[in-house]
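> Model the following, please.
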Amino acid sequence: MSALWLISAAGTGAGGIVGNGKFGSGKLSPRRYIGIPQGLSRLYVLTGPTFLKLFPKKIHAKPFATDTVWNRFWTRMHFLWADHAYLRLGFTNAHWIGPDMVRTNQPWPFQLAQWKKKGVKTVINLRGGKGSFYYLEKHACDKLGLILEDFGLTSRSLPTKQEFHDAKALFGRIQYPALLHCKSGADRAGMMSVLYCHFHLNQPIEVAAQQLSFKYLHMKSGMTGVLDHLFEVYLRDVAPKSIGFYDWTQSPDYDPVAIKANFTASWWGTLITEKLLRRE
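As a prediction, this is how the structure comes out:
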């Protein structure tokens, strides 16, 4: 990113981020969002790559620590730039898919606090347990009293029999209302939303599969389109035999590797998802 940001941390009333009046003063100060420690009067962040080069040992320290204010600050800096979290400061890609489940992109800690106030009790993380995002999320959930469930999925491969089984069991045991998220809230969140709508809300697959849509920034034409292909195969080849979706995924006939091998993404869709958006 080439945008010039000036982050003022002298106090809640001292300026904000240049060019964005949203972060003016008071409780909406950038220090509150990003977690800049007291005593750091001003921090100039010229570009993401520049900042990462200025403090490589701090930014790339692993594991990402959250035990002190300063450690959380450095972890947030990595999250801000390396995880492209600056794009999600004011955009959550949040959509309620039922009365008790909301899908979003990767939330900031302050956004988790907002969801807590709205009644959310459980957070389902679809990204796995590595990276600065996870340490911040776990720290925030522990602090807020939210239940964090880790359920890793990929957007380029299809779920296994066990993952379908575990997803159905997960929806049956968690406390609601709940929030599920991946990084962008588009692909893995879309897949899990389909399963939630079908397994928990009893929606037919043709209806539930609408959770994989450009409305949620999902790209069907790229490599992530293999998720759509799964449901297309089921509706075309299996559903006419009156075999339920879950029963099919638990049977010997379900072969995720073979289904993926028969899928071909378009060149332009692949360019967008793999090179431009770099979806996980």
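> what are the ranges of the strands in the chain?
5-8, 42-45, 95-98, 101-104, 122-125, 147-150, 178-181 (DSSP state E).
> Packing partners of the fifth one?
Here strand 122-125 touches helix 132-144, strand 147-150, strand 178-181, going by 3 or more CB pairs under 8 Å, 6 or more residues apart in numbering; DSSP states H and E. C-beta here means a position set from N, CA and C on the backbone, and glycine is covered the same way.
> about what we covered before: winner for burial among the strands of the chain?
Highest mean neighbour count of the strands of the chain: strand 178-181, a mean of 25 (counted as mean count of other CB atoms under 10 Å).
> before we move on, the earlier item: can I get the helices and strands packed on strand 122-125 in CSV with distance to residue 119 and mean pLDDT?
Formatted as CSV, the helices and strands packed on strand 122-125 follow (distance: least, CB to CB, whole Å; pLDDT from 0 to 100):
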stretch, distance to residue 119, mean pLDDT
helix 132-144, 12, 94
strand 147-150, 13, 98
strand 178-181, 10, 98
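> related to what we said a few turns ago, tell me which of the strands of the chain lies nearest to residue 239.
strand 95-98 (21.7 Å; CB to CB).
> List the strands paired with that closest one, with their directions.
strand 101-104 (antiparallel) (DSSP bridges).
> what mean pLDDT would you report for stretch 242-249?
When pLDDT is averaged over stretch 242-249, the result is 98.
> repeat for stretch 254-274
In this model, stretch 254-274 has an average pLDDT of 74.
> on that earlier part again, among the strands of the chain, which is nearest residue 215?
strand 95-98 (8.0 Å).
> ok now the closest one, how far from the chain's centre?
15 Å (CA atoms, centre = their mean, to the nearest Å).
> about what we covered before: rebuild the helices and strands packed on strand 122-125 as CSV, extending it with distance to residue 98.
Formatted as CSV, the helices and strands packed on strand 122-125 follow (distance: least, CB to CB, whole Å):
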stretch, distance to residue 98
helix 132-144, 22
strand 147-150, 17
strand 178-181, 10
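> and of the ones you listed, who's closest to residue 96?
For residue 96, the closest of those is strand 178-181, at 10.0 Å, according to CB to CB.
> Touching that closest one from outside, list them.
100-107, 115, 120-127, 189, 192-193, 196 (CB atoms under 8 Å, 6 or more residues apart in numbering).
> what are the pairing partners of it, and which direction each?
strand 101-104 (parallel), strand 122-125 (parallel).
> which stretch among those strands comes nearest residue 226?
strand 101-104 (19.4 Å).
> Can you dump the C-alpha atoms of that closest one in CSV for me?
Output of strand 101-104 as CSV, limited to C-alpha atoms (Å, rounded to 0.1, in the frame of the first residue of the first chain):
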residue,chain,number,x,y,z
MET,A,101,-25.2,-16.9,13.0
VAL,A,102,-23.3,-14.1,11.4
ARG,A,103,-20.5,-14.4,8.9
THR,A,104,-17.7,-11.9,8.6
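> Give me the below-cutoff pLDDT ranges for the stretch 101-250 of the chain.
In the predicted model of the stretch 101-250 of the chain, residues 221 satisfy pLDDT under 70.
> show me where it has helices.
Remark: helices assigned in the stretch 101-250 of the chain by DSSP state H, counting those that start in this stretch are 109-117, 132-144, 161-173, 188-195, 205-208, 226-233, 245-249.
> Give me whichever of these is most buried.
For those, the largest average neighbour count (mean count of other CB under 10 Å) is found in helix 188-195, namely a mean of 26.
> just the angle between that helix and helix 226-233, please?
Relative orientation of helix 188-195 versus helix 226-233 (axes from the mean of the first three to the mean of the last three CA atoms, to 10 degrees): 20 degrees.
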